[in-house]
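1. structural data only, the sequence is not supplied:
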Ligand code: NDP
């Protein structure tokens, strides 16, 4: 039996997108710019294609302009950097995302560092990473930002909570840890070399799972009443011969112990694109010296 409150990221993200749509419309009414988001996709990775299609659809639904650049997997790094430079120079493009992972012959770092910091709506450029860690204004990575919104909506003030983040990647684990710290949590970051991970997880009032290992975190790793945010997206074979998506947390077990938990799918995933759209709106306003229309 599920006793935990279900944190409905799908519904939250839907409301957020409607709200962004209204703010984009009010910008247009004031004869302001139409926020434009460019998505660069290299190669034909099916998961990346689905992501980019969803992003383009939701960008258009929010009343924003969507620019797609689909490039061959064998494009040279030099040519890809030239595409990024062209988007940097285009005043109708306010946000640029380059879908990761990139083919092996291209350096993610070189591409990320070429994106204009003001247009870096994924928040991966070193200047935005630095801004996050020093508490300066920048663009915050989308998935971590979405996790924080769900947490604040569920718990209100996070001050003094013990937060454990399992995973230390640059795109999820580390930025979430920074945001939790900024929200006055006491933060521990765990990874593949952490000792007694189950025991550490049991100390968490807030447990963030960003590992990429299907259902690794078990019910008896969770402190009763804790809030669990499952960032993981893993495809596993189901009993009916089909496949299904699961998180890094064993949901059925965890939902009997936790106070609140995000499902997979329908938890953190939808928040990522909603935050990307909001980052594009923010970037557009900043680039034009305008106030961001109120949330
Ligand atoms: P990475 O593979 O970059 O990082 C995984 C992290 O988990 C690493 O820090 C690694 O430790 C740690 N780890 C791996 N195995 C263990 C273990 N047995 N015990 C403890 N820690 C472990 O993944 P990402 O951060 O990019 O993504 C994590 C998950 O989130 C994936 O499932 C991904 O699909 C999902 N994701 C979901 C998004 C969404 O929109 N909902 C967006 C982005 C990602 P170490 O550093 O020591 O190797």
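-> Arrived safely, thanks for sending. Remember, it's a predicted structure, so these values are computed and weren't measured experimentally. Numbering: from 1, shown residues only.
2. does the closest residue to residue 188 other than its chain neighbours count as helix, strand or coil?
-> By the measure of CB to CB, 6 or more residues apart in numbering, the closest residue to residue 188 outside its immediate chain neighbours is residue 164, 5.0 Å from it. C-betas here are computed from N, CA, C, even on glycine. Judged by DSSP: H, G, I helix; E, B strand; the rest coil, the three-state class of residue 164 is strand.
3. what parts of the stretch 101-250 of the chain come near the ligand?
-> By CB under 6 Å from any ligand atom, the residues of the stretch 101-250 of the chain that approach the ligand are 143, 166-169, 171-173, 190-194, 197, 210-213, 231-234.
4. from the contact counts, what lies against the longest helix along the chain?
-> Here the longest helix in the chain is taken by residue count, with DSSP state H as the criterion, and it is helix 9-29. In terms of contacts (3 or more CB pairs under 8 Å, 6 or more residues apart in numbering; DSSP states H and E), helix 9-29 is packed against helix 46-61, helix 142-155, helix 269-287.
5. what's in contact with the shortest one?
-> Think helix 142-155. Under the criterion CB atoms under 8 Å, 6 or more residues apart in numbering, residues 5, 7, 9, 12-13, 16, 121-123, 158, 161, 171-172, 175-176, 178-180, 183, 206, 208, 227, 229, 231, 260, 262, 267-268, 271-276, 279 lie in contact with helix 142-155.
6. I'd like to know which of those residues are buried.
-> Buried residues within the contacts of helix 142-155, counting neighbours by 16 or more other CB atoms under 10 Å: 7, 9, 12-13, 16, 121-123, 158, 161, 171-172, 175-176, 178-180, 183, 206, 208, 227, 229, 231, 260, 262, 267-268, 271-276, 279.
7. need the pLDDT of the residue of the stretch 1-150 of the chain found nearest the ligand.
-> Residue nearest to the ligand within the stretch 1-150 of the chain (CB to the nearest ligand atom): residue 143, separated by 4.2 Å. In the predicted model, residue 143 carries a pLDDT score of 98.
8. quick one: it from residue 133, how far?
-> Taking CB to CB, to the nearest Å as the measure, residue 143 and residue 133 are separated by 17 Å.
9. neighbour-wise, which of the two wins?
-> In this comparison of residue 143 against residue 133, neighbours counted by other CB atoms under 10 Å, the higher total goes to residue 143 at 21 against 15.
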